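K.L.:
Below are the sequence and a predicted model for it; my questions follow.
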Amino acid sequence: LNQLMVTPPPGVHGSPINPLVGLYGTADDRYISFVMMQPTKFWADVCRHMDLEGYIDDPRFATAESFAEHTPEAVEVLTEAMKKRTLPEWSERFTTLAGPWAPVQDTLQAAQDAQIRANEYLVRAGELELVANPVQFDVTAPNTGPAPGFAEQTDDILGELGLDWDRIIELKTAGAVT
């Protein structure tokens with residue numbers, strides 16, 4: 001009660017009852033974040049990807065209740081295993097991992113991430129690379145370009161609304177539109 005809610009610092013595990021929700025350090029002092037809310041669903045797959053097959057059928061990690069009871073032990077197992085490879089090595093291994101995970105990165109590192117590139121989350125705008133619009137309604141990256149200039153589309157819009165050239169000139173002369 002009355003405790004300040006803060007994000008745990010990197011390297012501190014995030015969940016007291018689920019070993020598959022939290023940050024794990026890699027051999028190159030980077031971090032991978034697991035966000036697998038259903039440990040019983042993803043445990044075996046994580047174990048296979050991390051060369052921990054001996055823990056797949058471990059009764060301590062069989063049910064939600066046993067995971068909650070034995071989370072510190074599972075966290076220790078995963079922490080030790082994660083320290084054996086670098087972030088690039090784990091990223092390659094985890095390309096087929098079923099559960100949600102991500103490298104913990106700053107903006108510059110994210111720009112080099114293969115998943116970000118493959119999903120076209122960065123787009124070219126002239127000489128710059130920018131983050132794409134966060135809303136995507138299909139599987140195609142947005143087509144970027146400059147914003148229209150001031151009043152650049154006024155004539156087209158008024159024409160689409162049914163105004164003829166005489167009326168548009170009249171509105172411009174009166175200062176109602178530019």
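P.N.:
Yep, it's here.

K.L.:
for stretch 67-84, what is the average pLDDT?
P.N.:
Summarised as a single mean, pLDDT over stretch 67-84 is 96.

K.L.:
actually stretch 33-44, not the one I typed
P.N.:
pLDDT averaged over stretch 33-44 gives 96.

K.L.:
got it, and stretch 105-124?
P.N.:
What stretch 105-124 shows for mean pLDDT is 79.

K.L.:
buried residues in that stretch?
P.N.:
Gln105, Ala110, Asp113, Ile116, Tyr121, Leu122 (16 or more other CB atoms under 10 Å). C-betas here are computed from N, CA, C, even on glycine.

K.L.:
From the centroid of the chain, which residue is nearest?
P.N.:
Taking CA atoms, centre = their mean as the criterion, Ala102 is the residue nearest the geometric centre of the chain, at 6.8 Å.

K.L.:
quick one: secondary structure of it?
P.N.:
strand (DSSP: H, G, I helix; E, B strand; the rest coil).

K.L.:
Contact partners for it?
P.N.:
Ile32, Ser33, Val35 (CB atoms under 8 Å, 6 or more residues apart in numbering).

K.L.:
Distance check, Ala110 against Glu160.
P.N.:
Look at Ala110 and Glu160: by CB to CB, to the nearest Å, they are 40 Å apart.

K.L.:
do Pro88 as well
P.N.:
Following CB to CB, the distance that separates Pro88 from Glu160 is 52 Å.

K.L.:
Between these two, which has more neighbouring residues?
P.N.:
Of the pair Pro88 and Glu160, Pro88 is the one with more neighbours under other CB atoms under 10 Å, namely 13 against 9.

K.L.:
Helix or strand: which one has that one?
P.N.:
helix 87-93 (DSSP states H and E).

K.L.:
What are the boundaries of the helices in this protein?
P.N.:
39-49, 64-82, 87-93, 107-110, 114-118, 154-160, 165-174 (DSSP state H).
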